[in-house]
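# Take this sequence and fold it.
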Amino acid sequence: MKFSNTVATLIFTCFVSATGIFSPDGQVALIQSEPSAGESSLVGSNADRMPDGLPLPPAPWASGTGRCGPSALCGTSGYIQISRASNGEVLGYVRKTFNNITRYTYDTLDKALVVNLPASCSSGAFDLVPTNGPDAVHNNVGAVTGAYGFDFKPGRLGYAYLSGTGHVDANSRPSNSTGTSMQSRLGYKGAAESQVWSLNYSTGGLTAQWTNADSTNPTTSLYYARTSNYVGLVGDFDRFVARFAWEDAFLVTAAFYPAPPVPAALCSASGYIQNSKCVPQTAAFDPVPCALCGASGYIQISRISDGGILGYIRKTFEGNGLYALGTREDGLVVKLPASCGSGAFDLVATNGPDAVNTNFGAVGGLGGYNFNPGNIGYAYLSGTSHLNASSPPSFTVGNSIRGQKLPSESQIWSLDCPTGRLTAQWTNADSTNAPTNLVCPEPVGSLKLVGDFNKFVATYYSQCFALVTATFVPI
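Numbers count the residues shown, from 1 in each chain. Okay, the predicted model is just below:
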């Protein structure tokens, strides 16, 4: 199995607004409500309309129906993705360890810092608090004043290093008393700010706002200094470049990139899953066999942001072969294999709507199914036949979606036994494994797996999405 320096992520999508339907002959029409149960059409999203050249309807908040975006990310954990500002090229992710001068830099996803977005992230500036950071005392991704100036006004030399800091309220002047990682480790006595971050709910973009010593809020950008290998904040970037040409600096942007639970399949060779973390296997200790393996039960779907239960996977399809949510009484019953603790497995439906394609599997999206960062990649949850774990999506494996020729995967599921959490891992056509997120539309509709959540939402902005988790609930 090949990995592209990524950790698998599971996201469910909940969709609202007008839906696109695909008739059996492949033609597309737009409707304002779901089709009737007997209508043989594929209920789709804007993600399905775009490849056919059809226009997107207005964003729901643009017509006064409500700003629903923040619910997808607030209260979740994820990475800080760094991209080149000039062309959007993804460079990497803020690293969980400092560079040699106690500043944050970027690296590959497997070495990334994980931060929590507060539940109130849509209501103003906030702290970014790591869960695996390098300094447990100064545990904010904050900004420390530059050695040669920190007045961010135009024409002035003002900049700050990203490092660990204590807490400083939003719009407060730089603090000399809050403490920083640079001070505790290097003796550098720069002032700091921490509550500088804001979220763009439609793109996942993270922006920073520095406050000057005179309490003004100047234009603030992010930059990367290639020579010293760190990320920082800057006011007048041209002035910075003129003073520090040797740093070979350029402007960058930051975005919040959701982090999924760790799939057990990634741990099976050297350890096992325990509370969504890989625990190393040792000769002296073997994990207790999972009591859930071999059991039958329902799949419960909950929001990541607040833990709210949205419902259970329904035993009947929505439209032309898509799994959606319903009540427990109408729930799909799946059986865990007896070996469910030893790697990825099929979830076989025992009361499902398709007696041939009995696996609760995934079918590549019409808009694309490359789950790597920066790509539009998603998959429908539908009935499928069997395909071995870590195999590229197959066009020969059957699925329940009629009227479309789309590839399928089935042996994608892993179980965290103590919590019952189910995670999925999509395999790309080149056999790499990228983040795999489970998302659900709000109001609740058909579920999807998604790769780059920010790219997906930014492209198909007219629907509301919630990041969700799946949990096995035994009967």
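# buried stuff in stretch 330-347?
Neighbour counts over stretch 330-347 (16 or more other Cβ atoms under 10 Å) mark 331-337, 340-347 as buried. Any C-beta I mention is one placed from the backbone N, CA and C, and that applies to glycine too.
# Between its first and last residues, what's the separation in it?
18 Å (Cα to Cα, to the nearest Å).
# again with stretch 240-254
Taking Cα to Cα, stretch 240-254 runs 20 Å from one end to the other.
# again, but for stretch 179-189
End-to-end distance (Cα to Cα), stretch 179-189: 9 Å.
# can you pull the buried residues of it?
Buried-residue list, stretch 179-189, by 16+ other Cβ under 10 Å: 179-183, 185, 188.
# same check, this time on stretch 382-401
Buried residues in stretch 382-401 (16+ other Cβ under 10 Å): 382-387, 389-390, 393-394, 397, 399-401.
# With stretch 74-81 instead?
Quick answer for stretch 74-81 (16+ other Cβ under 10 Å): 74-81.
# Also stretch 186-200?
Of the residues in stretch 186-200, 188, 190-200 count as buried by neighbour count, 16+ other Cβ under 10 Å.
# quick check: mean pLDDT across it?
Stretch 186-200 shows a mean pLDDT of 95.
# what's the answer for stretch 401-420, then?
90.
# so how far is that stretch off the chain centroid?
Taking Cα atoms, centre = their mean, to the nearest Å, one finds the center of stretch 401-420 at 18 Å from the center of the full chain.
# Convert the C-alpha atoms of it to PDB, please.
The C-alpha trace of stretch 401-420 is given here as PDB (Å, rounded to 0.1, in the frame of the first residue of the first chain):
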ATOM      1  CA  ILE A 401     -26.400   3.400  -8.900                       C
ATOM      2  CA  ARG A 402     -28.300   3.000 -12.100                       C
ATOM      3  CA  GLY A 403     -27.700   4.900 -15.300                       C
ATOM      4  CA  GLN A 404     -24.100   5.900 -14.600                       C
ATOM      5  CA  LYS A 405     -20.800   4.000 -15.200                       C
ATOM      6  CA  LEU A 406     -18.900   4.800 -12.000                       C
ATOM      7  CA  PRO A 407     -16.100   2.900 -10.100                       C
ATOM      8  CA  SER A 408     -16.600   1.400  -6.700                       C
ATOM      9  CA  GLU A 409     -14.700   0.400  -3.500                       C
ATOM     10  CA  SER A 410     -16.100  -1.700  -0.700                       C
ATOM     11  CA  GLN A 411     -13.400  -2.900   1.800                       C
ATOM     12  CA  ILE A 412     -12.800   0.600   3.100                       C
ATOM     13  CA  TRP A 413     -14.000   0.400   6.800                       C
ATOM     14  CA  SER A 414     -12.100   0.200  10.000                       C
ATOM     15  CA  LEU A 415     -13.400   0.100  13.600                       C
ATOM     16  CA  ASP A 416     -12.200   1.800  16.800                       C
ATOM     17  CA  CYS A 417     -13.500  -0.900  19.200                       C
ATOM     18  CA  PRO A 418     -13.700   1.100  22.500                       C
ATOM     19  CA  THR A 419     -15.900   3.800  20.900                       C
ATOM     20  CA  GLY A 420     -17.500   1.900  18.000                       C
END
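# buried set for it?
401, 404, 406-417, 420.
# And stretch 156-164, by the same measure?
157-164.
# Nearest to residue 123 among these?
Comparing those against residue 123 with Cβ to Cβ places residue 162 closest, at 23.4 Å.
# what distance separates the strand or helix carrying that closest one from the centre of its chain?
Assessed by DSSP states H and E, residue 162 sits inside strand 158-165. Using Cα atoms, centre = their mean, the distance from the centre of strand 158-165 to the centre of the chain it belongs to is 26 Å.
# Which secondary structure elements does the helix or strand following it sit against?
Tracing the chain past strand 158-165, the next element assigned as helix or strand by DSSP H and E is helix 181-186. Judged by 3 or more Cβ pairs under 8 Å, 6 or more residues apart in numbering; DSSP states H and E, helix 181-186 is in contact with strand 158-165.
# CA atoms of the strand it packs on as CSV?
The C-alpha coordinates for strand 158-165 follow below in CSV (Å, rounded to 0.1, in the frame of the first residue of the first chain):
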residue,chain,number,x,y,z
GLY,A,158,6.7,45.4,10.9
TYR,A,159,6.6,41.6,11.2
ALA,A,160,6.1,38.8,13.7
TYR,A,161,7.2,35.1,14.0
LEU,A,162,4.7,32.3,14.4
SER,A,163,5.6,30.5,17.6
GLY,A,164,4.0,29.2,20.8
THR,A,165,2.5,31.9,23.0
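# quick check, nearest of the buried residues of stretch 186-200 to residue 295?
Closest to residue 295, out of all of those and judged by Cβ to Cβ, is residue 199, at 39.7 Å.
# ok, residue 450 - contacts?
Contact analysis of residue 450 by Cβ atoms under 8 Å, 6 or more residues apart in numbering lists 11, 13, 371, 377-378, 436-439, 456.
# What of residue 246?
If you count contacts by Cβ under 8 Å, 6+ apart, residue 246 has them with residue 227.
# Would you give the sheet partners of the helix or strand hosting residue 300, along with the direction of each?
Using DSSP H and E, residue 300 sits within strand 296-303. Partners of strand 296-303 in the sheet, by DSSP bridges, are strand 309-313 (antiparallel), strand 334-335 (antiparallel), strand 465-474 (antiparallel).
# Now find how far off-centre the last one is within its chain.
Its chain's C-alpha centre and that of strand 465-474 lie 14 Å apart, by Cα atoms, centre = their mean.
# Stretch 448-460 too?
The answer for stretch 448-460 is 9 Å, by Cα atoms, centre = their mean.
# Between the two ends of that stretch, what distance do you get?
Start-to-end, stretch 448-460 (Cα to Cα) is 13 Å.
# quick one: buried residues of it?
Those would be 448-458, 460, for stretch 448-460 by 16+ other Cβ under 10 Å.
# which stretches of this structure form helices?
46-49, 181-186, 237-243, 453-459 (DSSP state H).
# what does the second one rub up against?
Spelled out, it's helix 181-186. 98, 101-103, 134-135, 137-138, 144, 161, 163-165, 188-190.
# Just the residues you listed: which are in strands?
Those of these mapping onto strands are 144, 161, 163-165, per DSSP state E.
# which among the buried residues of stretch 448-460 gets closest to residue 234?
Nearest to residue 234 among the buried residues of stretch 448-460, with distances taken as Cβ to Cβ, is residue 454, at 23.6 Å.
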